[in-house]
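Asks: Structure for the following, please:
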Amino acid sequence: MFMKLASSLVLFVSAASAAEIPNPLIDYGQFAHNVFVVGTIRETRRVSEDTFIRLASDPATVILDARSRQKFDLLHVKGAKNLSLPDITAEELARIIPGKDTRILIYCNNNFTNEPEAFPSKTISASLNVYTFNVLYSYGYTNVFELGPLIDINESRLEFEGTRATLTARR
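Replies: Okay, the predicted model is just below:
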C-alpha cells in the first residue's frame, strides 16, 4: 500500500513540476491524442506482404525506411527512401514525399527475421513502425500503410538492395 501511495505521489509531483516548465515546442497531450487516433487508423492500414508488393509497384507510392542510414545501407526494400526517424522534419519529409496525400509504405526491423545485423529486433512496444506511423500522422501524412507480418528474410518475396543484399539472395 505504501509503495502504491508513494508511486502516486511521485507521479503527482512530476506532473506538477512538468506544468511549471513550459516549452511551446513540446506537447505531450497532443502526442497522446495522436497515438489514440493513429491506433484506430493503423489497424486498418497494416497490410500483407503481397499487398505491400502490389502497392509498392505504383510509381507514385513512396516506401519509407526510417531506420538509421547504417542499417539502411546494409539492407533495405528495393526502391525505399531513407529518412532516419531522428532526422524527420517537415522540410525533410517534403523533400522525399511529394504530397501529404501520397501513399506511403513503411516497414521496420520487427518485420524481418534472420538478418540481425540489418534488421535487429526491437522490444515489441518500441517497434519503429509504431513511432514512424505516429510521426507521419503528426506531420499531416494520412495515406500511410504498414507492412504487418513478421517475415523470414530468406523466404520474403520482397526485393532487397544494399551491401548485404547479395548475401541474403544466396541463402
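Asks: For Gly29, give me its contacts.
Replies: Contacts for Gly29 (Cβ atoms under 8 Å, 6 or more residues apart in numbering) come out as none. In this view, the C-beta of every residue, glycine as well, is placed from N, C-alpha and C.
Asks: list the buried ones in the host helix or strand of it?
Replies: For Gly29, the host element (DSSP states H and E) is helix 28-42. Residues of helix 28-42 classed as buried: Asn34, Val38, Arg42 (neighbour count, 16 or more other Cβ atoms under 10 Å).
Asks: how close does the second one get to Arg157?
Replies: The reference is to Val38. Computed as Cβ to Cβ, to the nearest Å, the Val38 to Arg157 distance reads 28 Å.
Asks: what's the answer for Leu128, then?
Replies: In terms of Cβ to Cβ, Leu128 sits 22 Å off from Arg157.
Asks: ranges for the strands of this protein?
Replies: 46-47, 62-65, 76-77, 81-82, 104-107, 112-113, 144-147, 151-152, 160-161 (DSSP state E).
Asks: who's more crowded, Leu128 and Arg157?
Replies: The neighbour comparison of Leu128 against Arg157 (other Cβ atoms under 10 Å) goes to Leu128, with 19 against 9.
Asks: Without its sequence neighbours, what residue ends up closest to that one?
Replies: Cys108 (3.5 Å; Cβ to Cβ, 6 or more residues apart in numbering).
Asks: Return the residues in contact with that neighbour.
Replies: Cys108 makes contacts with Ala66, Arg67, Lys122, Ser127, Leu128, Asn129, Thr132, as judged by Cβ under 8 Å, 6+ apart.
Asks: any idea of the mean pLDDT in stretch 82-90?
Replies: Stretch 82-90 carries an average pLDDT of 97.
Asks: how far does that stretch sit from the chain's center?
Replies: 11 Å (Cα atoms, centre = their mean, to the nearest Å).
Asks: contacts for it?
Replies: 64-69, 72, 76, 92-93, 96, 128, 131-132, 135, 139.
Asks: Tell me which of the strands of the chain sits nearest to Glu20.
Replies: strand 144-147 (36.1 Å; Cβ to Cβ).
Asks: what comes into contact with that closest one?
Replies: For strand 144-147, the surrounding residues in contact (Cβ under 8 Å, 6+ apart) are 42, 45-47, 49, 51-52, 55, 103-107, 111, 129, 133, 136-137.
Asks: Great, nothing more from me.
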